[in-house]
Every structure is written in structure tokens, then in C-alpha cells.
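Chemist: could you work out the structure for the sequence below:
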Amino acid sequence: RLYRRSLIHFPLTEWNADDFVIRPFYVTGGLFGACMCSYLWNIGGPYMMWPLVDPEAIKAHLRAFLKLDLRRDEKGDLYVLSNGVLTATSPYYQYDSSGDYLATFYVEAPNGEVSAEVVSYHHGDATGWPGWGMNIKVDNRYFLQVRGLGLNIAHDSETTPECYHLDTVMRSPEVDTTWRLPWGERKEVREHYNEMIVAMSGIHDGDSLNIRIRVFDDGVAFRYEYRLSDTTGRLLRGDNTRYLFPSDGICWSIPANFESYEFAYREQPLSQTDNANTPFTFRLDDGRYGAIHEANLRDMPEMTLVRNTSDKQDSTHFRTWLAPSADSTIHYAYRLEGRRLVTSWRTISIGRKAVDLINNDMILCLNEPCTLPHPEQYRPMKYVGVWWGMHLGINSWVPDSRHGATTANAIRYIDFAAANNIGAVLFE
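Modeler: Residues are numbered from 1 along each chain as shown. Predicted coordinates for the structure are as follows:
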């Protein structure tokens with residue numbers, strides 16, 4: 001449906017895909033599958049018929065080449081226009097000789113600065129089926145790569161996750177609404193994004209998977225929506241999602257822990273962070289800021305990030321690690337009951353300055369609306385708590401002369417709160 005090949009020597013593939021910036025997009029063809037790259041030697045080569053096929057398209061391709069930085073990089077000469085999204089890459093023939101092409105599907109933010117490309121790639125496992133990933137770009141530069149899209153859902157005796165092939169790609173009209181918060185950071189929130197759904201079918205079990213992606217002006221969010229053919233003996237064994245940073249950088253995080261968030265945060269290089277709870281806040285070497293987190297976490301184990309220490313050449317590669325199950329017989333697996341499984345939104349907030357992350361409303365937009373019947377009855381307020389003095393070591397936890405939780409200290413905090421327009425005092 002998306003491409004057709006010529007019968008002339010050195011077959012020419014003509015792409016007409018909504019995702020591509022250039023339509024039609026002409027590439028060097030292949031005998032067994034659809035290629036994805038257009039080469040400079042396609043234009044004017046004595047063996048190519050392209051100039052006679054579509055002269056206007058030649059002009060569009062040449063203009064695209066002129067916009068690219070085709071200087072030499074560490075991989076070699078860059079003289080390839082890749083996937084119709086104005087990306088320069090090294091000269092390799094990008095197609096799958098098994099007949100299943102390496103697909104790219106593209107959605108960008110309303111302002112055009114942030115984009116997400118869903119790509120299939122060869123992950124080299126025994127199944128022979130491609131893996132699925134996502135490239136997140138800012139101003140057409142890599143910001144984060146996501147690989148292994150999907151969950152590990154298998155039967156009790158299985159260890160190999162299901163493989164999926166593409167069914168269709170759907171896009172929704174641009175969403176641009178404004179709604180009011182019952183209380184919180186600001187009175188009004190603008191919800192503005194473009195959405196794409198990549199629909200897939202399982203090769204073996206007959207399951208279906210939708211990867212729903214929303215791209216905001218200041219971030220990208222995605223989640224997995226499964227419809228299972230059968231849940232008998234089926235387990236959620238883990239999350240295959242991995243995050244690959246394009247460079248090292250500085251991150252701010254607390255250690256991964258499923259029982260407590262009460263830790264001092266650490267400031268350290270990405271390459272020296274073994275694990276972390278989310279939000280996982282970082283600054284890349286080029287100065288761009290980001291944070292990985294979740295939204296609308298319901299009926300799903302929370303996630304943490306664990307650095308892939310086995311890959312010595314890629315020290316900024318993190319994988320998702322889900323909270324353990326309460327069922328000690330399966331520990332890090334969950335028995336599935338309903339046939340519909342929807343994960344939390346995995347969010348990547350993006351900012352040019354650190355303060356942009358504070359002012360980012362993407363997670364608010366992705367969470368479900370407030371369902372309290374009368375939210376106006378609740379009055380937000382500041383409060384102080386006596387336990388911070390004990391955390392800081394000013395007071396002690398044990399009953400002695402420095403003990404913090406005393407009646408006298410409580411009265412002192414109440415007087416301080418009243419004098420400074422602080423609405424409440426918490427004691428424990």
C-alpha cells in the first residue's frame with residue numbers, strides 16, 4: 001500500500017507515505033524489499049531512469065540534500081537522504097532481504113520542534129522478526145532513542161516474548177483545548193498535541209498491540225494498549241522498553257526503590273548512574289534538559305530505570321525495571337486477568353532550560369480528570385512538619401533532650417505557622 005517498485009535496471013522504489021516529508025520519495029530499490037534511502041548517485045547516473053520518471057521530484061530531492069549537513073562524520077561520508085525525514089546517514093542499503101521492510105512512521109509537535117519516529121529494526125534475535133523503537137528528536141537532532149517498545153507477555157513456560165508485525169498507522173486531528181485545574185500549579189492548562197497510533201498484531205498468540213504516541217511542544221508520551229486473545233496462564237514478565245541517550249550528561253535522581261522515595265537526590269553523570277526512580281531528570285552535554293517519568297499509573301507496577309552495565313561501549317543505555325509482584329511464587333511477574341491491558345503513559349519532558357521542566361503541563365494533561373464531586377470544598381495550603389528537623393539532625397528521633405515530637409516543640413511550630421501565614425502543621 002505504501003510503495004511500488006520499478007522494473008528497470010537498478011530498481012527504483014517510489015514511496016507515498018504520509019510520514020515522509022517528501023512525497024513521492026524515490027529510493028534505490030531492492031529485489032526483495034523496499035529500501036528507505038535515497039543516494040546522490042541516484043540522480044544523473046547513466047544507469048538510472050529517475051530523471052525521466054519524475055523531474056519535479058528530482059528538484060525536491062536536490063533541495064532536501066542541500067539542507068543537510070553532508071560532511072564526513074565518524075561513520076564515513078554522509079551522502080544519503082534517509083526515510084524522507086531529511087536525515088543524513090551513512091551509505092548502507094537499508095532494507096530487509098527477508099521481505100519485511102524497515103518502516104518509519106513520523107509524528108511531530110504542533111510547533112514542529114519535537115518529533116517522534118517509530119522505526120522497525122533488526123535486533124538480531126532468533127525469531128528473525130524486527131524490533132520496534134522510537135527516535136525522539138528536537139530541532140531534527142536526536143534527543144533520546146527508545147528501543148524494545150512493548151511488554152514481555154508470555155505463558156508460564158515461555159521465556160521468549162511475542163513478536164509483532166505492523167497492521168496500520170492511524171493519526172488523529174490536532175488536539176488544542178484549555179481546561180481548568182481545581183487547584184494546583186496554575187488555573188488554566190492548555191492541552192495541545194498531535195497523536196499517532198501504531199497498530200500491530202502478534203505473530204503467534206493472536207494478541208493485538210496499539211502503541212499510542214502523543215507529541216506535545218515540550219515532550220513526548222507513549223503507552224501500550226494490549227488486547228489479549230486469551231489470558232489462561234499468561235504472565236506479564238516485564239517491560240522491554242529501553243532508553244538510549246545520544247551522549248553523556250548530568251542527571252538528578254534518587255536510587256531505584258519500590259518502597260520509599262525518601263532519599264537524598266544525587267547529581268552525577270548518566271554513565272555513572274546504575275539505577276534510579278522516576279522522575280529521572282537529566283541535562284545532555286549539549287545543554288538540553290529532560291525528564292523521564294510516568295502519568296496515569298493505574299493497575300500497573302511502577303517502573304524504575306536500570307543502566308545496562310553489561311554493555312561497556314554504551315554506558316548511557318537504561319532499561320525499564322518494574323516493581324515486583326506481591327505473589328512470591330512468581331516475584332517479578334504478574335498474572336493477567338482481563339483481556340485488555342493498558343499501561344501508564346511513559347513521559348519524556350523536554351526543555352531548553354531547567355525551569356521549562358517545572359512549567360511543563362504534559363503529565364497533568366495525561367492524568368485522568370479530577371473525579372472528586374466537589375473539589376471547591378478543598379482548600380490548598382502550605383504546611384510545616386516537625387519531622388524535617390529530625391531528618392536534618394536538628395532534632396532526634398529517640399526520646400532524649402533533642403527529641404522533636406514534643407508538646408513544647410509542637411506549640412512552637414504552631415506559633416511560627418500562624419505568624420507566617422502557613423495554614424497547617426503536621427505532627428508524626
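Chemist: what helix or strand is Leu66 located in?
Modeler: helix 55-67 (DSSP states H and E).
Chemist: packing partners for that helix?
Modeler: strand 25-28, helix 50-53, strand 80-82 (3 or more CB pairs under 8 Å, 6 or more residues apart in numbering; DSSP states H and E). C-betas here are computed from N, CA, C, even on glycine.
Chemist: switch to 7 Å and redo it
Modeler: strand 80-82 (3 or more CB pairs under 7 Å, 6 or more residues apart in numbering; DSSP states H and E).
Chemist: Phe280: neighbour count?
Modeler: The tally of other residues near Phe280 (other CB atoms under 10 Å) stands at 24.
Chemist: just for the chain, where's the confidence low?
Modeler: Counting by pLDDT under 70, the chain contains low-confidence ranges at 1-12, 17-21, 28-37, 39-52, 67-103, 122-130, 156-162, 204, 311-313, 328-332.
Chemist: go again with 50.
Modeler: Scanning the chain for pLDDT under 50 picks out the ranges 1-9, 31-34, 46-47, 72-79, 83-101, 124-128.
Chemist: test my guess that Thr316 contacts Leu270.
Modeler: Yes - with contact defined as CB atoms under 7 Å, Thr316 counts as touching Leu270 (4.7 Å).
Chemist: give me the common contacts of those two.
Modeler: Common contacts of Thr316 and Leu270 (CB atoms under 7 Å, 6 or more residues apart in numbering): 245, 248.
Chemist: which stretches of this protein form helices?
Modeler: Per DSSP state H, the chain carries helices over the ranges 50-53, 55-67, 354-358, 362-366, 387-391, 407-419.
Chemist: contact partners of the fourth one?
Modeler: Put plainly, it is helix 362-366. Contacts for helix 362-366 (CB under 7 Å, 6+ apart): 189, 191, 216, 218-219, 221, 293, 295-296, 345, 347, 349.
Chemist: if you set the cut-off to 8 Å instead, what comes out?
Modeler: The contact list for helix 362-366 (CB atoms under 8 Å, 6 or more residues apart in numbering) reads 181, 184-185, 189, 191, 193, 214, 216, 218-219, 221, 293, 295-296, 345, 347, 349.
Chemist: filter those to the buried ones?
Modeler: 189, 191, 193, 214, 216, 218-219, 221, 293, 295-296, 345, 347, 349 (16 or more other CB atoms under 10 Å).
Chemist: follow-up on the earlier one: which one of the helices of the chain is the most hemmed in?
Modeler: helix 362-366 (a mean of 20; mean count of other CB atoms under 10 Å).
Chemist: pull the CA atoms of that helix into PDB?
Modeler: The C-alpha coordinates for helix 362-366 follow below in PDB (Å, rounded to 0.1, in the frame of the first residue of the first chain):
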ATOM      1  CA  MET A 362       2.200  17.300  29.900                       C
ATOM      2  CA  ILE A 363       1.700  15.000  32.900                       C
ATOM      3  CA  LEU A 364      -1.300  16.900  34.100                       C
ATOM      4  CA  CYS A 365      -2.800  16.600  30.600                       C
ATOM      5  CA  LEU A 366      -2.200  12.800  30.600                       C
END
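Chemist: now do that helix: distance to the chain's middle.
Modeler: 14 Å (CA atoms, centre = their mean, to the nearest Å).
Chemist: distance of Ile411 from Val306?
Modeler: Using CB to CB, to the nearest Å, we find Ile411 at a distance of 47 Å from Val306.
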